[in-house]
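Student: predicted model, plus sequence, below.
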Amino acid sequence: MNRAERRRQAKATKKKPVGEEKTSAPRLDIAQIKSQLQQAASPQEVQQFVGQLREHGLPSVGGEELIAYAAQYHEALAALNGDDEAACVALLVNSAHAWADDRIDQSPDRKRRACQAGCAFCCYLPVVLASAAEVVYLADWLRANCSAAELEAVRRRLKARYDQRTASSQSQSPLPCGLLQDNTCMAYEARPFKCRGWNSVRLEACERAYGPDNPIIKTETPTTVPVDPFAFVMGNAVLNGLSDATQHAGLDGGAYELNAALLRALDLPDATLRWRNGERLFDGRCR
Ligand code: SF4
């Protein structure tokens, strides 16, 4: 299914008026629902199945989440079955990011978002998660887009984060993500799903929850920052579709700490091919 078809499918299954939704819970658990979506032979089957769940009370956003998941799952499996194994990874992740962005842009709360260029409070989180596919893709993206000096600087920052995380003292403020440069993400177009889907709707909450040491007393934590819920759900739905497809193709579909895993991927010039051949490159120190 290409992107235009996915958009058409999402449009066709748009939200019902609230009054039409029934209140009884769907009878299937999430594993059964995912299994049905994975076995669906066409977008129409996905749509039909989601329609049935809606008849049993699945909320509108839940339906859109399942459709985004299924579309990504089927597209990723098709890409993984392609011939050009190395190029396929770039195609796979690029297309998944574009699909997530498309869904995230449909959020009814997008105008309420507080995020803007130069604001990077949430890039100081102690852990940033990314899938293995995203990590090898990001390493290739950095090699293709950065000078040798920039790459060396990135490595130094990633190593500093890694050393801080593995040090015994837990009391230090988190260092910025290794990809943060001049308060801007240097790999913005290749950033992971988790960063794409995380959009605060209250700047003051970010100031109080994250960031380097500053005079603001931190009265909030990252979990109390209100975010755009639709964008958050859609980012995760597409990520889960990609991760499940990679796992079902016999590849590592796990999630890893971005900085530690990226440091490892940059140390392995053939990380993408090795991941594509089924190696687990990030276990152990990258959790
Ligand atoms: S990848 Fe980019 S957007 Fe995400 S935490 Fe790191 S610097 Fe911030």
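Tutor: Sure, I can see it. Just so we're clear, the structure is a prediction, and the values are computed from it rather than from any experiment.

Student: need the residues of the protein near the ligand, please.
Tutor: The chain comes close to the ligand at residues 123, 128, 177, 179-180, 185, 191, 195, as judged by Cβ under 6 Å from any ligand atom. C-betas here are computed from N, CA, C, even on glycine.

Student: now those residues in TSV, with secondary structure, pLDDT and neighbour count?
Tutor: Below are the residues of the chain next to the ligand laid out as TSV (DSSP: H, G, I helix; E, B strand; the rest coil; pLDDT from 0 to 100; neighbours: other Cβ atoms under 10 Å):
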residue	secondary structure	pLDDT	neighbour count
123	helix	91	21
128	coil	89	25
177	coil	93	24
179	coil	97	24
180	strand	94	16
185	strand	96	16
191	coil	97	21
195	helix	96	22
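
Student: which residues in the stretch 1-150 of the chain form helices?
Tutor: Taking DSSP state H, counting those that start in this stretch as the test, the helices found in the stretch 1-150 of the chain are 3-12, 30-39, 43-55, 60-80, 85-105, 132-145, 148-166.

Student: can you tell me the closest non-neighbouring residue to the residue nearest to the spatial centre of the chain?
Tutor: Using Cα atoms, centre = their mean, the residue of the chain that lies closest to the mean C-alpha position is residue 193, 1.9 Å off. In space, residue 193 comes closest to residue 239 once its chain neighbours are excluded; the distance is 4.0 Å by Cβ to Cβ, 6 or more residues apart in numbering.

Student: neighbours of that neighbour, how many?
Tutor: Summarising burial for residue 239: neighbours were counted as other Cβ atoms under 10 Å, giving 27.

Student: assumed it was part of a helix.
Tutor: Yes - per DSSP: H, G, I helix; E, B strand; the rest coil, residue 239 lies within a helix segment.

Student: which ones are touching it?
Tutor: When contacts are counted by Cβ atoms under 8 Å, 6 or more residues apart in numbering, residue 239 touches 96, 100, 131, 193-194, 197.

Student: go with 10 Å
Tutor: Residue 239 sits next to 69, 72, 96-97, 100, 129-131, 133-134, 192-194, 196-197, 253, 255 when contact means Cβ atoms under 10 Å, 6 or more residues apart in numbering.

Student: got it, and residue 68?
Tutor: Residue 68 neighbours (Cβ under 10 Å, 6+ apart): 6, 9-10, 99-100, 102-104, 106, 233-238, 240-241.

Student: how about a cut-off of 7 Å?
Tutor: 103, 234, 237-238 (Cβ atoms under 7 Å, 6 or more residues apart in numbering).

Student: what does residue 41 give?
Tutor: No contacts exist for residue 41 under Cβ under 7 Å, 6+ apart.

Student: backbone phi and psi for it, please?
Tutor: phi -80, psi -10 (degrees, to the nearest 10).

Student: what do you get for residue 147?
Tutor: phi -80, psi 170.

Student: which among the contacts of residue 239 count as buried?
Tutor: Of the members of the contacts of residue 239, the ones counted as buried by neighbours, 16 or more other Cβ atoms under 10 Å, are 69, 72, 96-97, 100, 129-131, 133-134, 192-194, 196-197, 253, 255.
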